[in-house]
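Trainee: I would like the atomic coordinates for the input below:
(one chain, ligands or ions: 2)
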Amino acid sequence: MSQPNQPVLPQNVTRLAEGESFCFSCHPAIACFTDCCRQLELPLTPYDVLRLKRSCGLSSEEFLDRFVIIEHDGQEAFPRLYLSMVDDGRESCVFVSKQGCTVYADRPGACRAYPLGRAAIRKAPDNTEGAADMDEFFVLLKEQHCQGFAELQSQNISRYSAEQGLDRYNHFNDAVAAILQHDQIRAGKKLSEAQIDQFILALYNLDTFRRLLFAGELPQRLPLTDTATTQQLANDEELLRYGIQWLAKQIFGDHA
Ligand code: SF4
Ligand code: SF4
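Mentor: Ligands and ions are numbered 1, 2, ... in the order given. Predicted coordinates for the structure are as follows:
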C-alpha cells in the first residue's frame with residue numbers, strides 16, 4: 001500500500017532509496033543498442049537546447065526550426081518542446097546512427113538519466129538567484145526491451161548521476177523550476193500569448209534573446225548592469241540564468 005502523499009507509480013517504475021543499488025550497464029555491444037532512441041517522446045529542457053544547438057553549430061533559432069516541435073494545448077501553463085523524430089518507419093531520433101548517438105557529449109538530460117528518473121519539487125518560492133531549494137526523489141524505470149538490467153554492473157544514484165554528467169543538467173532544471181513551479185502557476189495562473197512567446201524566447205531561443213536584449217528591443221525591467229555585464233551575457237549559461245530572472249519579472253513581476 002502506498003504511503004499518504006506518495007504518488008502511485010506504474011508497475012515498471014520503482015522508487016529508489018538514497019544509496020540503494022541497482023544493476024545496469026549500457027554499451028555498444030549490447031543487443032538492444034540504440035533501440036531506446038526510437039519511438040520515443042523526448043521533451044527538451046532549456047539546458048538541453050543550449051547544449052544541443054552548440055553541439056550542432058547552429059543558432060538557437062536554427063536549432064528550434066530544424067529539430068524541435070513545440071506543443072501547447074492550453075490546459076497547461078507552459079508549452080512543451082520535443083526533439084523531432086525522423087519518418088523512417090521506426091520514428092528514430094534525428095541524432096541516432098548505427099554507431100550510437102551523434103551528439104553524445106551533449107545528449108539531453110533524459111537520455112543521460114535513463115533508467116533513472118528524478119522528480120524535483122521546489123520548496124522555497126522566494127529563493128533568489130541561487131540554486132532553488134528542492135525536494136527530490138529518484139525512480140528506476142524498467143522497460144522490457146532494455147537489456148541493460150541483465151548486466152552485472154552495480155550502480156547507485158550518485159555514482160550513475162556523476163558518470164552521466166547529470167549535475168549540470170539538474171542545476172539548470174532546478175533554476176527553471178522557479179518559473180515552472182512558481183506559486184502563481186501552482187495557483188492556476190495562465191499565461192498570455194505574449195508571455196508564452198517570452199517563455200520560449202528567454203529560455204530556449206537564447207541567441208535571439210541576446211540580440212534583442214542588447215538592441216534594447218525587450219521590456220527590460222531587470223537592468224543589465226544590476227545582474228550581469230554584457231561580457232558575461234555572451235556566455236550561454238550566464239544568459240540562461242539572466243533569462244530566468246528576466247522572465248520571472250515579465251510573468252510574475254518578481255525575481256525567480
Ligand atoms: S535499451 Fe537500454 S541497454 Fe539498450 S541501448 Fe537503450 S538504454 Fe542501453
Ligand atoms: S539524443 Fe542521442 S541518446 Fe538521446 S535519443 Fe537521440 S540519439 Fe539517443
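
Trainee: give the contact list for the residue in the stretch 151-256 of the chain that ligand 2 sits nearest to.
Mentor: With Cβ to the nearest ligand atom as the measure, residue 164 is the residue of the stretch 151-256 of the chain nearest to ligand 2, at 10.9 Å. The C-beta positions use only the backbone N, C-alpha and C, and glycine is treated the same way. Residues in contact with residue 164 (Cβ atoms under 8 Å, 6 or more residues apart in numbering) are 112-113.

Trainee: doesn't residue 156 make contact with residue 20?
Mentor: Yes - in this structure, residue 20 is within contact of residue 156 by Cβ atoms under 8 Å, at 6.5 Å.

Trainee: Show me where the stretch 1-150 of the chain has its strands.
Mentor: Secondary structure of the stretch 1-150 of the chain by DSSP state E, counting those that start in this stretch: the strands cover 13-16, 22-23, 68-71, 80-83, 85-86, 92-93, 96-97, 100-101, 116-122, 134-141.

Trainee: among those, which is nearest residue 108?
Mentor: strand 80-83 (7.0 Å; Cβ to Cβ).

Trainee: other SSEs contacting that closest one?
Mentor: In this structure, strand 80-83 makes packing contacts with strand 68-71, judged by 3 or more Cβ pairs under 8 Å, 6 or more residues apart in numbering; DSSP states H and E.

Trainee: Next, the buried residues of the strand it packs on.
Mentor: Under the neighbour-count criterion of 16 or more other Cβ atoms under 10 Å, strand 68-71 has residue 68 buried.

Trainee: Determine the number of other residues adjacent to residue 106.
Mentor: Counted with other Cβ atoms under 10 Å, the neighbours of residue 106 add up to 16.
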